[in-house]
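Asks: Next comes the sequence, and after it the predicted model I'd like to discuss.
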Amino acid sequence: MKFLNPTTDIAFKKLFGSQERADLTISFLNSVLERREGELITLVQINDSANKPITKDMERTFVDVHCTDQKNNKYIIEVQVEDERNFMERSQFYASFFLTRQLERKAPYSDLVPVIFVGVLDFSLFKDDSDFLSHHVIVNSKTGNRTFRHLEWHFIELKKFTKKLDQLATPLDKWTYFLKHANEMNQIPATMKTPQELVTAFDVLEQHHWSEAELQKYYAELDIWRGAVDLERGARAEGRAEGARSIAIKLLKAGIDIKTIASSTDLSIEEIETLKSNIG
């Protein structure tokens, strides 16, 4: 068996953006939100229309799945692979946008229902040693009491999840491991055959169940990813090289000998000699 990558846009939507597989979305949300008996999500309605572009100038929004539960709470579930500089700000914008979009003209504010943003990130959003799952709500800075209840954010940072198969203890552990490692497996591990929704999720990702058109779209998306990664690596390498050249020029002007500069900047002697000839 070959399982495809669940964090691609097309695979993520097949898993969590289909009404016929709403049980997967429910299981995933209950795990991420750490819901307990009495507060479990038992029903979701997938809202495909919410994934249309916000403005005419936008080809698409970054929202992958938008759904509503039995209490009418609104959920935005997004997967983000690339480390986007302003992702934190954008997640706040989207949650706020879907909050304001609820009201029809002259509708009372009392009609507003909570918007809950869930982000699955293949990078570290918070540059600290925080847990792979974090919950964010608006509280009073002095008392810690939560008084503004209409917006909340929950993030899974896959890079921070380091548990091995034999360490998976909760549905959250298993869903996170699945999202991070499913495409590296060729069979369903025994420890991941519960909950049942996970078995279904593996089945959704099994390559033989995908049409030729879906596979073409999937591999086209992977090609775009690889191209973006190559461009980023190239830009970083060029940035490092440019920085080294800048340092070398300063050292040359300070009278430092070429061999010392070469050992300090990793530039070749030939490159430094060229820089020296250009500065006169």
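Replies: Received it, and whenever you're ready, just let me know what you need.
Asks: Please count neighbours and contacts with C-alpha atoms only from this point.
Replies: Noted.
Asks: in this protein, which spans are strands?
Replies: Taking DSSP state E as the criterion, the chain carries its strands at 44-46, 65-69, 74-80, 115-121, 133-138, 148-157.
Asks: Please tabulate those in JSON lines, including the columns mean pLDDT.
Replies: Compiled in JSON lines, the strands of the chain are given as follows (pLDDT from 0 to 100):
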{"stretch": "strand 44-46", "mean pLDDT": "95"}
{"stretch": "strand 65-69", "mean pLDDT": "94"}
{"stretch": "strand 74-80", "mean pLDDT": "94"}
{"stretch": "strand 115-121", "mean pLDDT": "97"}
{"stretch": "strand 133-138", "mean pLDDT": "96"}
{"stretch": "strand 148-157", "mean pLDDT": "97"}
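Asks: nearest to residue 219, of those strands?
Replies: Closest of the strands of the chain to residue 219 is strand 74-80, at 17.2 Å (criterion: CA to CA).
Asks: could you give the angle of the closest one to strand 65-69?
Replies: For strand 74-80 against strand 65-69, the angle by axes from the mean of the first three to the mean of the last three CA atoms, to 10 degrees is 150 degrees.
Asks: contacting residues around strand 74-80?
Replies: Strand 74-80 is contacted from outside by 7-9, 12, 62-69, 95, 113-122, using CA atoms under 8 Å, 6 or more residues apart in numbering.
Asks: if we can go back for a sec, include mean neighbour count and distance to residue 251 when you put the strands of the chain into a markdown table, please.
Replies: Output for these, formatted as a markdown table (neighbours: other CA atoms under 10 Å; distance: least, CA to CA, whole Å):
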| stretch | mean neighbour count | distance to residue 251 |
| --- | --- | --- |
| strand 44-46 | 20 | 61 |
| strand 65-69 | 21 | 54 |
| strand 74-80 | 23 | 42 |
| strand 115-121 | 23 | 42 |
| strand 133-138 | 14 | 46 |
| strand 148-157 | 19 | 42 |
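Asks: can I get those strands in CSV with distance to residue 177?
Replies: Below are these laid out as CSV (distance: least, CA to CA, whole Å):
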stretch, distance to residue 177
strand 44-46, 24
strand 65-69, 20
strand 74-80, 15
strand 115-121, 12
strand 133-138, 13
strand 148-157, 11
